[in-house]
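**Student:** No sequence on hand, only this structure:
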C-alpha cells in the first residue's frame, strides 16, 4: 500500500511542487496550509510522515511539532528558511526526524522522505535495493520485487513481508510469536507454528536448496534468522 505524506506549508507553489514530486514517486499526499489544519489531519487521518514548514500563519511549525509529539510518533521532516544552526538543533530536539533548508531540490526531499521511512518502518529495508551473495538474491523494496539468480520471483504478500522483516535485521533471531505478530498481524488467531509453512514456502522460492537454506536458517528452540551475505 502506498504511503501517505502530509505536506504542511502556507505557500501554494511549494505544496504543489512537493506533492507533485512525492506523487511521481508513488506516495499519496494530503495538504494543509495552517498549523490548525495540520493538527486536525494528523488526529483523524492515517499518515506515514509529515513534511512541516516552520513559518505558518497561525502558529509556528515548532508548536505544531510539539503538539504532535504529545500523542504521535509520526515521522516529521521540517522544511524551513530558518538557516541558523540553533534553529536546526532546536527542531531536532523537539521531535523532528530530519531538517531541510529552503530553497531545496525536490529530489533530495523525496530521498530524505524515503530514508526516514526506511529507518522508521519495519516493513522497509535499510536501502531501496539490497543484493546478497553476488546478486544471487536481490530485494527491491521500492518496486516490491524479488529476484533470484536474476529472475523475478512471485511471492505472496505474507511471504514478501516475512522476507523484508528478516532481511532488515540480518543475524537477528526471531521467535515464532514475533514473526506471527509482525507478518500475520496481532489479531491472527491460528497456531504460531503456521509461520513455519510460510518460511517453508519462501525457502522453496528463494533458496537454491531449500533443505540446506543459505538465507533463512532455523534457530532450534527459537525460530528463524536471516543470514544474508554472511558465510
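**Tutor:** Arrived safely, thanks for sending. Being a predicted model, the structure only gives us computed values, none of them experimental.
**Student:** got the contact list for the residue nearest to residue 97 when sequence neighbours are not counted?
**Tutor:** Leaving out its chain neighbours, the residue that sits closest to residue 97 by Cβ to Cβ, 6 or more residues apart in numbering is residue 75, at 4.6 Å. Where you see a C-beta, it was placed from the backbone N, CA and C, and this is true even at glycine. Taking Cβ atoms under 8 Å, 6 or more residues apart in numbering, we find residue 75 in contact with 48, 49, 50, 97, 116, 117, 120.
**Student:** Which of these fall within helices?
**Tutor:** Using DSSP state H, 116, 117, 120 are the members of these that sit in helices.
**Student:** Hmm, residue 96 and the first one touching each other?
**Tutor:** No. The criterion here is Cβ atoms under 8 Å, and residue 116 misses it with residue 96 at 10.0 Å.
**Student:** Looking at the two, which has the bigger crowd around it?
**Tutor:** Taking neighbours as other Cβ atoms under 10 Å, residue 116 and residue 96 compare with residue 96 leading, 23 against 18.
**Student:** List the residues that contact that one.
**Tutor:** Counting by Cβ under 8 Å, 6+ apart, residue 96 touches 52, 65, 76, 77, 78.
**Student:** Now for the fourth one: which residues touch it?
**Tutor:** Think residue 77. Residue 77 makes contact with 49-52, 96-100, 109, 112-113, 116, according to Cβ under 8 Å, 6+ apart.
**Student:** Determine the three-state secondary structure at it.
**Tutor:** With DSSP: H, G, I helix; E, B strand; the rest coil as the basis, the three-state label of residue 77 is strand.
**Student:** That one and residue 71: what is the separation?
**Tutor:** Distance of residue 77 to residue 71, given as Cβ to Cβ, to the nearest Å: 19 Å.
**Student:** who wins for neighbours among the contacts of residue 75?
**Tutor:** Neighbour counts for these, by other Cβ under 10 Å, peak at residue 50, which reaches 27 neighbours.
**Student:** now the contacts of residue 75 in TSV, with distance to residue 161?
**Tutor:** Converted to TSV, those look like this (distance: Cβ to Cβ, whole Å):
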residue	distance to residue 161
48	16
49	20
50	25
97	24
116	20
117	16
120	16
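**Student:** Mind picking the lowest-pLDDT entry from those?
**Tutor:** Lowest in pLDDT among the contacts of residue 75 is residue 120, which has 81.
**Student:** Residue 59 versus that one, what's the distance?
**Tutor:** 25 Å.
**Student:** Could you do residue 166 as well?
**Tutor:** For residue 166 relative to residue 59 (Cβ to Cβ), the value is 43 Å.
**Student:** Looking only at neighbour counts, state which of the two leads.
**Tutor:** Between residue 166 and residue 59, residue 166 has the larger neighbour count (other Cβ under 10 Å), namely 23 against 15.
**Student:** So that one lies in a helix, does it not?
**Tutor:** Yes. Counting by three-state DSSP, one finds residue 166 located in a helix.
**Student:** In the protein, mark out all the strands, start to finish.
**Tutor:** Along the chain, counting by DSSP state E, strands occupy 4-8, 28-32, 49-53, 76-80, 98-101, 129-132, 137-140, 145-148, 151-153, 174-175, 216-219, 223-226.
**Student:** can you put those strands in CSV and add distance to residue 181?
**Tutor:** Below are those laid out as CSV (distance: least, Cβ to Cβ, whole Å):
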stretch, distance to residue 181
strand 4-8, 23
strand 28-32, 26
strand 49-53, 23
strand 76-80, 27
strand 98-101, 29
strand 129-132, 24
strand 137-140, 22
strand 145-148, 23
strand 151-153, 25
strand 174-175, 10
strand 216-219, 17
strand 223-226, 12
